[in-house]
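Student: Pasting the sequence and the predicted model now:
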Amino acid sequence: MNGDLGARLSEALARLPDYLGGHVRVSMAALALGIALSIPLALVSIRRPTFRAIVLALSSIVQTIPGLALLALFYPLLLGLAALSVRAFGVSFSALGFLPAVLALALYSLLPVLRNAVTGLTGIDPAIKEAALGVGMTRRQALWMVELPLAMPVVMAGVRTAAVWVIGTATLSTPIGQTSLGNYIFAGLQTQNWVLVLFGCVAAALLALAVDQLLALIEQGLSARRRGRIIAGLLGMVLIVVGALAPGWSHAKARYLIGAKTFAEQYILAALMERRLNAAGLTAARREGLGSSVVLDALAGNEIDVYIDYTGTIWANQLNRNDTPPRAEVMAEVARWLKEQRGITLLGGLGFENAYALAMPRKRAEALGVHTIADLARVAPQLAIAGDYEFFSRPEWKAIRDAYGLSFRAQREMQPEFMYPAAAAGDVDVVSAYTSEGRVAQYDLVVLDDPKHVIPPYDAVILLARRDADDRALTDALRPLVDAIGVDLMRAANLRATTGGNNGSPDAVARWMWDEVAHRKGTKP
């Protein structure tokens, strides 16, 4: 047990320079931008009550938007602007990661800074303002030389609040491609590595506390007119930024960027591809925890080079098809559409399918006489179903529900890793399982047959960005994975990732997986 904990802590510490550097970079940039916007707005609004009411109301509305939603909304907006910029000026910029995260977090920081600045400036004794004018100052001079310095301690209190909010919310920027301490949390949740989850939470909390205390030192210096405290606080902030960013300055930039979605299988396969590229003498890095639509758009925009997707996902979500032709036909049609519409190359299938399926605890299914989804429709009104956060909004669910006339007593959404134990414990009766998921066997669930063949095939496929289509080194390194991974091997790998202890990290599982592939092929690992 101690060895397992030590190995997981070592894994977490090894990732700290990269994750902390990304977190500090995006948090400090967003906070600086938020302050740069808030202070001028506050100054302009002092003598304009209507304008003040409008900007405060708008910044309050921003706070009502969930952080993850606000971050996600900026990605498609910037993606569209990047496309327009290329067409109009021939200039492109990255819509993935840093920029959408900074803009969203800056908006999140507006309210506390703006409100405190307005409160500080409007709360100054009118007699002081009159005295400043009485000694010959203009209103502008009185504002900058008297009112703003007096209001700064109140403003700094707002900055402290904004800093804590921004550092905490920045952990949610992982799904839009920004490396942060949230990578620990998302990866840990998907692989049930609770050491990673706790490490990410503690690291973010310590960072927020350190920044808050340094800003408090600056606030105290402003209140007491103690220049030494102000300088000490500023130096501390500089040390945090430089200390977090310095390790990244010495690292050479990776030639290839591998994308991964937000579940364990994707982490494993991304690690496996990185291992293959490194073995071929190519440098690679992973951008993990990306949302389904984000990762495909990023590939089409040449912001990542390669990732694994599933034909059924593209068939239903991108082609908007609800028919289910033979597997080979789906594969060919998806490959054609990707090439023609998005400039993406389908290198080949890995050899297994990870399809959506409905599953039940074996004893419960036998007691109710349920063997297929058609049987399930008969008893569904008595049962509760759970799915991941995407499932009930996806076209596959609508097709299954309508084809079989499913109507459940209750419908719940939860993290995929919690669905299986919830079903085994009887908290829900049916779950939206994945056919390559090892926990189906672990929790003794039975996958229900789909006699109407509503669910399309979900072959795992390697996708390459437009710029990499003719990259011989990349394709040669990845081609050994084509048709090399059976569903039994993928299930075993997924199970290792969630129950394998210190051998269950994505890197360790990927290493084991390639050894298995090489052994089955009779080649060297």
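Tutor: Yes, it's here.

Student: Who are the packing partners of the helix or strand containing residue 238?
Tutor: For residue 238, the host element (DSSP states H and E) is helix 227-249. Using 3 or more CB pairs under 8 Å, 6 or more residues apart in numbering; DSSP states H and E, the elements in contact with helix 227-249 are helix 2-45, helix 194-224. Bear in mind the C-beta positions are built from the backbone N, C-alpha and C, glycine included.

Student: tell me, which of these is the model least confident about?
Tutor: Per-stretch mean pLDDT for the helices and strands packed on helix 227-249 is lowest at helix 2-45 (a mean of 86).

Student: Now do residue 434 against residue 486, distance only.
Tutor: Noted for residue 434: a distance of 15 Å to residue 486, by CB to CB, to the nearest Å.

Student: If you could redo that for residue 510, that was the one I meant.
Tutor: Distance from residue 510 to residue 486, by CB to CB: 16 Å.

Student: Neighbour count: these two, which is higher?
Tutor: Remark: of residue 510 and residue 486, residue 510 carries more neighbours, 22 against 16, as counted by other CB atoms under 10 Å.

Student: that's a strand at that one, yeah?
Tutor: No: assessed by DSSP: H, G, I helix; E, B strand; the rest coil, residue 510 does not belong to a strand; its assignment is helix.

Student: Please give me every residue in contact with it.
Tutor: By CB atoms under 8 Å, 6 or more residues apart in numbering, residue 510 lies in contact with 268, 269, 271, 272, 274, 275.

Student: same thing but at 6 Å, please
Tutor: Neighbour list for residue 510: 268, 271, 272, 275 [criterion: CB atoms under 6 Å, 6 or more residues apart in numbering].

Student: what are the phi and psi values for the last one?
Tutor: Backbone dihedrals for residue 275, given as degrees, to the nearest 10, come out at phi -60, psi -40.

Student: dump the residue contacts of it.
Tutor: Here residue 275 is in contact with residue 510 (criterion: CB under 6 Å, 6+ apart).

Student: any idea how far it is from residue 491?
Tutor: Residue 275 sits 20 Å away from residue 491, taking CB to CB as the criterion.

Student: What segments of the stretch 251-400 of the chain are strands?
Tutor: 256-259, 284-287, 306-310, 345-353, 356-361, 384-387 (DSSP state E, counting those that start in this stretch).

Student: Which one, of these, ends up nearest to residue 29?
Tutor: With CB to CB as the criterion, residue 29 lies closest to strand 284-287 of these, at 18.6 Å.

Student: Over that closest one, what's the mean pLDDT, rounded is fine.
Tutor: Mean pLDDT, computed over strand 284-287, is 90.

Student: Now do it: everything it contacts.
Tutor: With CB under 6 Å, 6+ apart as the test, strand 284-287 has contacts from 177, 254, 256, 257, 258, 259, 270, 274, 277, 304.

Student: what do you get if the cut-off is 10 Å, keeping everything else the same?
Tutor: By CB atoms under 10 Å, 6 or more residues apart in numbering, the residues outside strand 284-287 that reach it are 18, 96-97, 174, 177-179, 183, 251, 253-260, 266-267, 270-271, 273-278, 294-295, 298, 303-307, 474, 477, 506-507.

Student: Separate out the buried members of those residues.
Tutor: 18, 96-97, 174, 177-179, 183, 254, 256-260, 266-267, 270-271, 273-277, 294-295, 298, 303-307, 474, 477, 506-507 (16 or more other CB atoms under 10 Å).

Student: Give me the most central residue, this protein.
Tutor: The centroid of the chain falls nearest to residue 175 when counting by CA atoms, centre = their mean (1.6 Å).

Student: isn't that residue right up against residue 72?
Tutor: Yes: counting by CB atoms under 10 Å, residue 72 is a contact partner of residue 175 at 6.9 Å.

Student: and for the two, which residues touch both?
Tutor: 291, 294.

Student: Rebuild the helices and strands packed on helix 227-249 as CSV, extending it with distance to residue 416.
Tutor: Converted to CSV, those look like this (distance: least, CB to CB, whole Å):
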stretch, distance to residue 416
helix 2-45, 21
helix 194-224, 15
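
Student: closest to residue 393 out of those helices?
Tutor: helix 194-224 (25.6 Å).

Student: just how off-centre is that closest one within its chain?
Tutor: 23 Å (CA atoms, centre = their mean, to the nearest Å).

Student: Report the angle between it and helix 2-45.
Tutor: For helix 194-224 against helix 2-45, the angle by axes from the mean of the first three to the mean of the last three CA atoms, to 10 degrees is 40 degrees.

Student: What is the neighbour count of residue 380?
Tutor: Residue 380: 21 neighbours (other CB under 10 Å).

Student: residues in contact with it?
Tutor: Contacts of residue 380 (CB under 10 Å, 6+ apart): 370, 373, 401, 404, 405, 406, 407, 408, 409, 429, 430.

Student: Which residue, other than its chain neighbours, is closest to residue 197?
Tutor: Of all residues not flanking residue 197 in the chain, residue 188 sits nearest, at 3.6 Å (CB to CB, 6 or more residues apart in numbering).

Student: Which secondary structure elements does the helix or strand encompassing that neighbour sit against?
Tutor: Per DSSP H and E, residue 188 falls inside helix 182-191. Here helix 182-191 touches helix 2-45, helix 194-224, helix 264-279, helix 416-424, helix 487-499, helix 506-521, going by 3 or more CB pairs under 10 Å, 6 or more residues apart in numbering; DSSP states H and E.

Student: Just name the most buried of those.
Tutor: Among those, ranked by average contacts under mean count of other CB atoms under 10 Å, first place goes to helix 264-279 (a mean of 23).

Student: tilt between that one and strand 306-310?
Tutor: 150 degrees.

Student: List the residues that contact the nearest residue to residue 161 once chain neighbours are set aside.
Tutor: Computed as CB to CB, 6+ apart, the closest residue to residue 161 that is not its neighbour in sequence is residue 112, at 3.9 Å. Residues in contact with residue 112 (CB under 10 Å, 6+ apart) are 34, 38, 59, 63, 155, 157-166.

Student: swap in residue 353?
Tutor: Taking CB under 10 Å, 6+ apart, one finds 310-312, 327, 434-436, 457-460, 487, 490 in contact with residue 353.

Student: Reformat those into CSV and put pLDDT and distance to residue 117 next to each item.
Tutor: Converted to CSV, the contacts of residue 353 look like this (pLDDT from 0 to 100; distance: CB to CB, whole Å):
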residue, pLDDT, distance to residue 117
310, 94, 49
311, 94, 53
312, 91, 52
327, 89, 61
434, 86, 50
435, 86, 56
436, 89, 54
457, 90, 57
458, 92, 53
459, 94, 56
460, 96, 52
487, 89, 59
490, 92, 55
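
Student: picking that back up, just the pLDDT at the residue nearest to the centre of the chain, thanks.
Tutor: 84.

Student: distance of it from residue 235?
Tutor: Per CB to CB, residue 175 is found 35 Å from residue 235.

Student: cool, and residue 484?
Tutor: Counting by CB to CB, the gap between residue 484 and residue 235 amounts to 54 Å.

Student: what's the answer for residue 131, then?
Tutor: Per CB to CB, residue 131 is found 35 Å from residue 235.

Student: didn't residue 497 look like it was pressed against residue 190?
Tutor: Yes: in terms of CB under 10 Å, residue 497 counts as a neighbour of residue 190; the distance is 8.2 Å.

Student: In contact with residue 204, which residues?
Tutor: Counting by CB under 10 Å, 6+ apart, residue 204 has contacts 19-20, 23, 27, 167-171, 180-182, 184-185.

Student: ok, of these, which one's closest to residue 442?
Tutor: Ranked by distance to residue 442 (CB to CB), the contacts of residue 204 are led by residue 185 at 23.3 Å.

Student: I'm done for today, thanks for sticking with me.
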